[in-house]
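J.: next one to model:
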Amino acid sequence: MTPSQSGIEAQQEVIDEAVVNARQANSHSGGLARFARKRLAVLCVVAVAVFALAPAFFRGIPTNNDTWNHFRFALPFYDSLQAGELSPGWLAESNGGYGDPSFRFYPPATYYLLGASRALTGNWYAASLLVFTLLSVMGGLGVYFWARAFLPGSLAMWAGIFYTLMPYHINELYQSFLLAEYAGCAVLPFAFAFVERICQRRRMRDVVGLAVSFAILVLTHLPLTVIGGFALFVYGLLRMEKGARLATLWRLALSATLALLASAFYWVTMLSELTWIKANSLQPDLSVDYRYNFLFSTFSPENLNVWWMNILAFATLMMLLPGIAMLRRAPRGIMARRGARVTSLLLLFAFLMATPLSRPLWAIIPPLQEAQFPWRWLTIVSMAGSVVAAATVHFWIKKARGARRLPALLVAGAMLISLALTVSHIILEARYLTRPQFETTLHSIPGSPSINYWLPVWVNLPVREMSSEVEAGQRELTINSWEAERRVFQVGPGAQAQARVRSFYYPHWTATANGKTLPTSAATDGALLISLPPDAVSVELVFREPLSAKVAAFTSALGCFLILALFIFSLRRVRSYEYDSGAC
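T.: Sure thing, here's the model as predicted:
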């Protein structure tokens, strides 16, 4: 090799190295720019979500008939958590001390969140506002995360913003105070996002994400679990890629199985004891019968639920007009992307399920009937519609800047009318509790009657008032301790009799004395009766969880362990891939 050739090669190496360094620098700067844009989009969604709660910050806690019921759960639930009872089974203070088993049937996730917030802030007023804000932010980010799987970041940002401002979604908190449903609507978008990602890439970490999000949904709101599960199933079937359907299907099935395992401690008990409460079977209430709650089934204000939901449905359609107007142009532009097209189909399907046209499906699918209100499908309409409307934002902006801007102005006008209705009728006309009013309301809750839905089937109202916690005729009686799920009292000698306890009968109450189990039964009004021997005895009354509940708790622990193990495995697999490909 001549000196000139070696010099040329050395120069070429320097040039090549410079080119590589330049490419890396450009890639690094481009990566920083993308990260900055992504962070800005997320911050915009968070800002709008927080802004949507501004009226509550200044005016107080929104209130409705359901407000007191949620805090009737939250207060004793928090007390049980403080006492070390992580999964309380009996709400002892309600119904004047007779209690009820509602803890066993109402999903607990919202109350865990409220309890954690209460421990963090030190009072229920600040805790409530913190929870509302967190749920609002989570909902917006969930829809952003879903849309980001197939839309550019700027459009995904608009999807999160649109969802935050959707009339039905705002109404859940400000007018109806459907707190558990509002919480479920903060979780469900993440489930759609992970279904989308499983269908695209079939990664194990997305399987874990879907399992976690759906398990939390089960533990948050049952009607939305039914509706959301049905919608997720339809979305998954439509979204599967050809040639990978079997691989996608088993991953979706694995996610659902892990979710059910992790949440078993709740739903096993709920299903096994459902026949022990009145629910809506003994005294049917037509206002919660699905057959009377379809959108547009009536326009009469005599049915206030449907009348108001019709208005919200029209407001929602106006908010979604940018996307609805573009459905016929689906083969063009961003709407041609498979994720956007499938989301459009989900939007149409969800709207159909809220109307009487879907009545035959409701009639043959019993779990749907338990959702009670077909108009609850507006939750799916709001989520999917926000994504579809966001996908068309650039089109309408371009249209507005062109010569033929009238259609764009009409679309923008419809959205502004919807926002005006949301602000004027949903937010400004809501009832609010200032901090003193809210605290006064909380003080009045302990001992208040529960909804008949949660009462044991043995209860016949009105229940006889009692002058003490236990009555045992003429026999001497001393109360040693009286806790929510454990009571101890002493009874002096006397004629064999039945002690009447100020608590409703439930099969899990177990009375023992001197190591022997005492027979229990229900009085004519549903109070707990304990058969006493003639001797003086110390009676211990304990609410004991059945074997099925203990097995379900173990199953949930196993499900959580499997989810964690799969997550760790997926991380190790990613790192192994990066190492083998030279990325590390």
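J.: so where is the stretch 451-584 of the chain shaky, pLDDT-wise?
T.: 573-584 (pLDDT under 70).
J.: try the chain
T.: 1-36, 280-285, 328-336, 573-584.
J.: spatially central, which residue of it would that be?
T.: Gly184 (1.7 Å; Cα atoms, centre = their mean).
J.: that one against Leu219, yeah?
T.: No: if you go by Cβ atoms under 8 Å, Gly184 and Leu219 don't touch, sitting 9.6 Å apart. From N, CA and C alone the C-beta is placed, and that goes for glycine too.
J.: picking that back up, quick one, phi/psi of the residue nearest to the centre of the chain?
T.: phi -60, psi -30 (degrees, to the nearest 10).
J.: residues contacting it?
T.: 217, 220-221, 224-225, 228, 379 (Cβ atoms under 8 Å, 6 or more residues apart in numbering).
J.: quick one: buried residues of stretch 402-411?
T.: Neighbour-count burial for stretch 402-411 flags 408, 411 (criterion: 16 or more other Cβ atoms under 10 Å).
J.: that stretch spans what distance, first to last residue?
T.: This stretch, stretch 402-411, spans 15 Å end to end (Cα to Cα, to the nearest Å).
J.: just say helix, strand or coil for Ser450.
T.: coil (DSSP: H, G, I helix; E, B strand; the rest coil).
J.: now Arg500. Nearest residue, chain neighbours left out?
T.: Sequence neighbours aside, Glu471 is the residue nearest to Arg500 in space, at 4.5 Å (criterion: Cβ to Cβ, 6 or more residues apart in numbering).
J.: actually, Val459.
T.: Gly526 (3.3 Å).
J.: check Arg359 too.
T.: Phe294 (7.0 Å).
J.: what do you get for Asn480?
T.: Val488 (4.3 Å).
J.: so what's that neighbour up against?
T.: Counting by Cβ under 8 Å, 6+ apart, Val488 has contacts 479-481, 538-541.
J.: repeat that for 6 Å
T.: 480-481, 540 (Cβ atoms under 6 Å, 6 or more residues apart in numbering).
J.: could you verify that it is part of a helix?
T.: No: checked against three-state DSSP, Val488 lies outside a helix; its state is strand.
J.: any idea how far Gly473 is from it?
T.: 19 Å (Cβ to Cβ, to the nearest Å).
J.: now do Val457
T.: 27 Å.
J.: next, give phi and psi for the residue nearest to Arg359.
T.: phi -80, psi 140.
J.: about what we covered before: let's have the contacts of Gly184 in CSV, adding secondary structure.
T.: Output for the contacts of Gly184, formatted as CSV (three-state DSSP):
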residue, secondary structure
Leu217, helix
Thr220, coil
His221, coil
Leu224, helix
Thr225, helix
Gly228, helix
Thr379, helix
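J.: go through those and name the one nearest Asp100.
T.: His221 (19.6 Å; Cβ to Cβ).
J.: give me every residue that touches the closest one.
T.: 180-181, 184.
J.: nearest residue to it other than its sequence neighbours?
T.: Nearest to His221 is Gly184, by Cβ to Cβ, 6+ apart, at 3.6 Å.
J.: returning to what we had before: gap between the residue nearest to Arg500 and Ala262?
T.: For Glu471 relative to Ala262 (Cβ to Cβ), the value is 44 Å.
J.: pick out whichever of the two has more residues nearby.
T.: Legend: neighbour count by other Cβ atoms under 10 Å for Glu471 and Ala262, higher for Ala262 (25 against 17).
J.: the more buried one contacts Ala215, doesn't it?
T.: Yes: with contact defined as Cβ atoms under 6 Å, Ala262 and Ala215 form a contacting pair (4.2 Å).
J.: just to revisit the earlier point, inside strands: which ones of the contacts of Val488?
T.: Filtering the contacts of Val488 for membership in strands, criterion DSSP state E, returns 480-481, 540.
J.: and of those residues, the nearest to Ser548?
T.: Of the ones in strands among the contacts of Val488, the one sitting nearest to Ser548 (Cβ to Cβ) turns out to be Glu540, at 22.9 Å.
J.: what's the neighbour count on the residue nearest to Arg359?
T.: 22.
J.: please apply the same query to Ser570.
T.: Ser570: 17 neighbours (other Cβ under 10 Å).
J.: could you do Leu428 as well?
T.: 11.
J.: what's the nearest residue to it if we skip its chain neighbours?
T.: Pro55 (7.7 Å).
J.: okay, and Arg404 sits in which element?
T.: If you go by DSSP states H and E, Arg404 is not part of any helix or strand.
J.: let me redo that: Ala315
T.: Assigned by DSSP H and E, Ala315 falls in helix 304-319.
J.: same for whichever helix or strand comes after that helix, what does it pack against?
T.: Following helix 304-319 in sequence order, the next helix or strand is helix 321-324 (DSSP H and E). Where contact means 3 or more Cβ pairs under 6 Å, 6 or more residues apart in numbering; DSSP states H and E, helix 321-324 is packed against helix 378-391, helix 406-421.
J.: tell me which of those sits most buried.
T.: helix 378-391 (a mean of 29; mean count of other Cβ atoms under 10 Å).
J.: just checking, what packs against that helix?
T.: helix 124-147, helix 153-164, helix 167-174, helix 321-324, helix 338-353.
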